[in-house]
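Peer 1: Got a sequence here, can you model it:
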Amino acid sequence: MNFKGDKKINTINQRKETRRSIESIILPFLGTREIDHEPFQFLIMDISATGIKIAIPQWLVGRDRLKNDDIINLHIPFRLDEATYNQGKVVWKRSDDTISGELYGIHMENRVFFYDPISILLKTSEIDIDFQDFDSLEGLFIKIIKDMSLLKKGVFIYLNHLVPYFSRISSYSNKEEYSALKNIFLDDIISKVKNNYENLYSLYKKAKEKHSFIEEIPQNIDLEELREMVESEINIDILKTAFESDAVIPYLNAIKQLEKKQYDNYNTVVMLYIKALKV
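Peer 2: Coordinates of the predicted model:
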């Protein structure tokens, strides 16, 4: 598929690939820009064999404007036969008054080679679940929530190990300046991460205690609250500016890799939520 842009609307409408509206998927997912790892929310509007159309309405809390040629991580496995894709490039964008926001054409790129038990089929727009390693949706859901709590705990441990390192590499001339930065900035970040970990762990314990939890997902989980728990508390550009050193980047990027897995898990929960609405 070859999206062209606003000046080629006729070409877009005449594209040969069959596009399928996925009206049943009405809940926002989380994506990230590859260049800075910043998260944003999006809705899937329709799907074809090699691309999707997404919307970012103004009513979304975690909204952001994307640009042409932005590489974005969708954090959803889109499967086409034996190939899986979860990343794409913005190839066109336009404002749309019907959604009070922006529409974007995403061309799927960079085939990945990993197994995921839940995915969206590009040919049919269906959510597909493989129970190869799980007896039920409940078992899959419990594992995902557990992973989410462990990933947030990993970020918490990482930050606690990095604080002494930050003190050594920072360019501040005296300990008082660094202590002030730590107390005001770093301690606040660590506190937020710890709080989100504790909330995720409580959610895991609650899920584990339930017997028919999958049907109760819409009643027992607030996706907006869950999004706030899993989204990053760390902005790379702000930390880089604060420490005036590129030496922190490899360590922060390592944390961002954990957060990517977190967004994968969040979107899987959204897909299970959608499945629960149909039970």
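
Peer 1: use CA for all of it now, contacts and neighbours both
Peer 2: Fine.

Peer 1: Quick one: low-confidence residue ranges for the chain.
Peer 2: Regions of the chain meeting the criterion pLDDT under 70 cover residues 1-25, 62-63, 113-115, 131-137, 166-184, 211-214, 242-245, 279.

Peer 1: rerun at 50
Peer 2: Low-confidence segments of the chain, defined by pLDDT under 50: 1-21, 23.

Peer 1: same for the top helix by length along it, what does it pack against?
Peer 2: When secondary structure is assigned using DSSP state H, the longest helix within the chain turns out to be helix 137-169. Packed against helix 137-169, as judged by 3 or more Cα pairs under 8 Å, 6 or more residues apart in numbering; DSSP states H and E, are the following elements: helix 187-209, helix 249-277.

Peer 1: Okay, buried residues for the last one please.
Peer 2: It stands for helix 249-277. Applying a neighbour-count criterion of 16 or more other Cα atoms under 10 Å, one finds 252, 255-256, 258-260, 262-276 buried in helix 249-277.

Peer 1: There's contact between residue 75 and residue 270 in this structure, I believe.
Peer 2: No: here residue 75 does not reach residue 270: they are 11.4 Å apart, not a contact under Cα atoms under 8 Å.

Peer 1: Residue 102 against residue 59, yeah?
Peer 2: No: the pair residue 102 and residue 59 does not pass the contact test of Cα under 8 Å, sitting 11.3 Å apart.

Peer 1: Which one of these two is surrounded by more residues?
Peer 2: residue 102 (20 against 10; other Cα atoms under 10 Å).

Peer 1: Could you look up the SS state of that one?
Peer 2: strand (DSSP: H, G, I helix; E, B strand; the rest coil).

Peer 1: ok, and the closest non-adjacent residue to it?
Peer 2: Take residue 102 and drop its neighbours on the chain: the residue closest to it by Cα to Cα, 6 or more residues apart in numbering is residue 95, 4.5 Å away.
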